[in-house]
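Participant: Provide a 3D model corresponding to the input given below.
(2 chains)
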Amino acid sequence: MIPTHTDISADSLADSVSALLAQGARFGGLFASRSVKGPTLLTAVVAERKGLTLLEATVAASTASYPALTAQIPAAAWYEREIHDLFGLEPAGHGRLDPLVLPLRSGTPRETALAVDAPVEIEESALGAHVHGEGMFTIPYGPVRSGVFESIEYLLETPGEDIPHIRSRIYYKHRGIERRFERLPVDQAVLVAERVEGIASVAHAIAFSRAIEALAGVEVPERAELLRVVHAELERVANHLDSMIRHTEGSGQAVAYARLSLHKERALRLQATLCGHRFARGVVLPGGVIGPPLAPPKEILEHIGALEHALDDDIQALMATPSFTDRLRGTGAIPAHIAQGHGALGPVGRASGMAEDVRIDRPYGAYAHLGFQIAEPHSEGDALARQRIRIDEIRSSFHLIRQALDLLATTDDRGPMDGWHTEIGLCSGKVISSVEAPQGELLYMVESDGNRLLRVKPRCASFHNLALFPQAFQGDIFTDFVFIEASFGMCIAGAAG
Amino acid sequence: MAWILRGLKEGVVTTSYPKRPDGYGDSYKGALRVSTSPPAAPEGDSAAAAQATAIASCCPTGAIEQHPAQEGLSGQPHLSVDRGRCILCGICVQSYPELFYFEPSTETSKLARHSLVVPEIEEGDAQLSAVRADLARRVKALRRSVHIRHVDAGSDGSEEWEVAALLNPVYDIHRLGLFFTASPRHADLLLVTGTGTAGMAGPLKRTYEAMPYPKIVMAAGTDAISGGIVHPTYSTHPGIAGLVPVDIWVPGSPPSPFAILHGILAGLGLLSRSCAAKIARQDAVAHGPSGSKGAPR
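Facilitator: Modelled structure (predicted):
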């Protein structure tokens, strides 16, 4: 059960959260939810090493304003901008309340605009003005970018070569996907979860399913938990490889690029061998998994072994190539105190001295009893450290996959092929679940009245880390941009919602 | 070991597609089919009608439709699947394995929106031939060197992975004279992914307008075709067809690299004769009574 403090007034929410942060906790997020025409409930998530704490405060419909958390907790800035866009709440004293996910003409009644199933009209003039300084100009990069990228616009504010400041506009891709959960029954809503961050489908399906399972108090069959680990870790391997592929592309390592993209293709094909889908969609559902793997675990183990061996060999060669490592070393460094203050998630946090990993700190599913070592955090905080963290994580992922497949192979011999799924219904209540996605800690806040989903709010690590992105440009220049972005390993779809 | 030797040691990993069929592409379950229709019920049988409604409503994106006896297909009542809406979730295959099955194929792209509905409703193909002729006229000058501009109009991120995979050594589309380009001014083909968000509607239109004639547009993925399960919300269009004129429709959620490649080649009229013959064969098989039954996932 997650400890929840509900007796907080909206006026003292910022103080209460700050008090917990002062004791060494990490700011995990701020979410809003609202019943029709009713007051808005703010839920702040504070993460301590071994557990999450929720703080709830109610903002009356008549005031629609509350003292901003951002004044004391800068990491809350993007959360409050998002809430301002989608709920029209005014965080007083925020300082920079530019639209983040939905720039609308000022005075547009949000409640009515967002209730209609027709695209709202985007008003670019609602966005903040550019900075002005002597010799400063803005280079817009995006949303249609040079190459195959997700749409996002970066505004590089520069006097010429340095990038003293950068702003990210994520609204281009905003799909309002949270709303889609509320219309669907649970077995279909999990399909939406898979599409919040399409490159982390398994992590999202697990996080959403765990929330439904927690509401119902249902246990998932052990072998289903094992199969979830196999898919989730293969997904992590593919994601980390994608970040490295973009590094090799940016540094002109043509053969390394070809080699690593070949390995990534093989990882995706392994997912398909196991379940029929390259992104393992349709496998995880509330209560367990859809069924047994389509290929025998022993056969998959052989493929995994071959992939791991080939990959390890190429990565070692890559990390011994100075023309590659020189591009990453010292690039996009985030000092430990900044990462700590923001609560940087996933590989980005672990490259800057943070040792947090949900799989270790709050083990879920089969992670609780699989032997598993967390990658030693690095302290340099640069793109090279983030790359090294990813390499270590790929190794531990393979280790986990092998263990899970071994166990699946033995249970396979023992019993019949049932027990992949527990029957489950939707129960009322409010829960928050967390898993370690490839991008970092993924939270799902789920509220239900027992008949339908009232509110589902995914909090992607991409959203949290993208707010930290500008801090990585201390003294870096244009040609470093590609490495800094790739080393963050974000999914823009997840950040934009 | 020197990098060049690492590459050589692996041997050739590149597919011969489209010159020869590819085993992986042909075995990937990239499409849904209707195997048989439920038995015809006498007029006014309410139980049968209720069952028909249940079958159609099991689909989260409304891709399954029940047709009464009078419409198409030699007057028989039948079910159809709109692949432009299908996200291949497999719920129908799980619930009604006797009616639906996954078809191992990635050659699923079509040159007209209504052609994505299976089984195909036979109608005057004059319209379709007009579409083909128009496309053929536009792509005539492009054939040997085609530059692609990709635009993400609100995808979930996985489509970009599958598009970028076309550059890996397995698909290696440079061998076919296909290139990605940074500038819409150099582009011949606009490859669009995603449902069409409110925020990307403007940039997408501007990119299309910046392209020189002749130009063709491809909607890659179910989201780009119909919005998939992501639509409707206050911020999504039902696919991109209302924003730019679409010539090539590639279903899939996300479409596999082979499906995207098939779409590009089909649109450009570059499919080799052997593959075209294979497609004709497949169509013949699919229309016949004996479709091979794919295992549910």
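
Participant: got a list of what the closest residue to A:Val284 other than its chain neighbours touches?
Facilitator: If the residues on either side of it in the chain are set aside, A:Val284 comes closest to A:Ala205, at 3.7 Å by Cβ to Cβ, 6 or more residues apart in numbering or on different chains. All C-beta spots, glycine's among them, are computed from the backbone N, C-alpha and C. With contact taken as Cβ atoms under 8 Å, 6 or more residues apart in numbering or on different chains, A:Ala205 is in contact with A:190, A:193-194, A:281, A:283-285.

Participant: farthest pair in those residues?
Facilitator: Greatest spatial distance in the contacts of A:Ala205: A:Ala193 and A:Val283, 12.3 Å, computed using Cβ to Cβ.

Participant: before we move on, back to that, now the element after whatever helix or strand the residue nearest to A:Val284 lives in, going C-ward?
Facilitator: Under the criterion of DSSP states H and E, A:Ala205 resides in helix A:201-216. Downstream of helix A:201-216, the next assigned helix or strand under DSSP H and E is helix A:222-250.

Participant: and whichever helix or strand comes after that following helix, what's buried?
Facilitator: Per DSSP H and E, the first helix or strand lying C-terminal to helix A:222-250 is helix A:254-275. For helix A:254-275, a neighbour-count test (16 or more other Cβ atoms under 10 Å in any protein chain shown) marks A:255-275 as buried.

Participant: what number of residues lie near B:Gly202?
Facilitator: By other Cβ atoms under 10 Å in any protein chain shown, the residues close to B:Gly202 number 14.

Participant: which of the helices or strands spans it?
Facilitator: Applying DSSP H and E, one finds B:Gly202 within helix B:198-210.

Participant: packing partners of the next helix or strand after that helix?
Facilitator: Proceeding N to C from helix B:198-210, the next assigned helix or strand is strand B:216-220, under DSSP H and E. Helices and strands touching strand B:216-220, by 3 or more Cβ pairs under 8 Å, 6 or more residues apart in numbering or on different chains; DSSP states H and E, are helix B:126-139, strand B:189-193, strand B:248-250, helix B:257-268.

Participant: so for the first one, what gets flagged as buried?
Facilitator: Buried residues in helix B:126-139, counting neighbours by 16+ other Cβ under 10 Å, are found at B:131, B:135, B:138-139.

Participant: what do you get for stretch B:4-21?
Facilitator: Quick answer for stretch B:4-21 (16+ other Cβ under 10 Å): B:6-7, B:15, B:17-18, B:21.

Participant: would TSV of the buried residues of helix B:126-139 with distance to A:Leu97 be doable?
Facilitator: Shown next, in TSV, are the buried residues of helix B:126-139 (distance: Cβ to Cβ, whole Å):
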residue	distance to A:Leu97
B:Val131	49
B:Leu135	48
B:Arg138	47
B:Val139	49
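
Participant: pLDDT weak spots in the chain?
Facilitator: Chain wasn't specified; assuming chain A. A:1, A:36-37, A:129-132, A:412-418 (pLDDT under 70).

Participant: wrong chain, I was asking about chain B
Facilitator: B:1, B:36-45, B:69-76, B:121-124, B:272-297.

Participant: need phi/psi at B:Tyr17.
Facilitator: With angles defined as degrees, to the nearest 10, B:Tyr17 sits at phi -60, psi 140.

Participant: that one contacts B:Gly25, correct?
Facilitator: Yes: the pair B:Tyr17 / B:Gly25 is scored as a contact, 6.1 Å apart, by Cβ atoms under 8 Å.

Participant: what is in contact with those two at once?
Facilitator: Counting by Cβ under 8 Å, 6+ apart, the contacts common to B:Tyr17 and B:Gly25 are B:Phe258.

Participant: residue boundaries of the strands in the stretch 1-150 of chain B?
Facilitator: With DSSP state E, counting those that start in this stretch as the criterion, the stretch 1-150 of chain B has strands at B:29-34, B:64-67, B:78-82, B:100-104, B:117-118, B:146-152.
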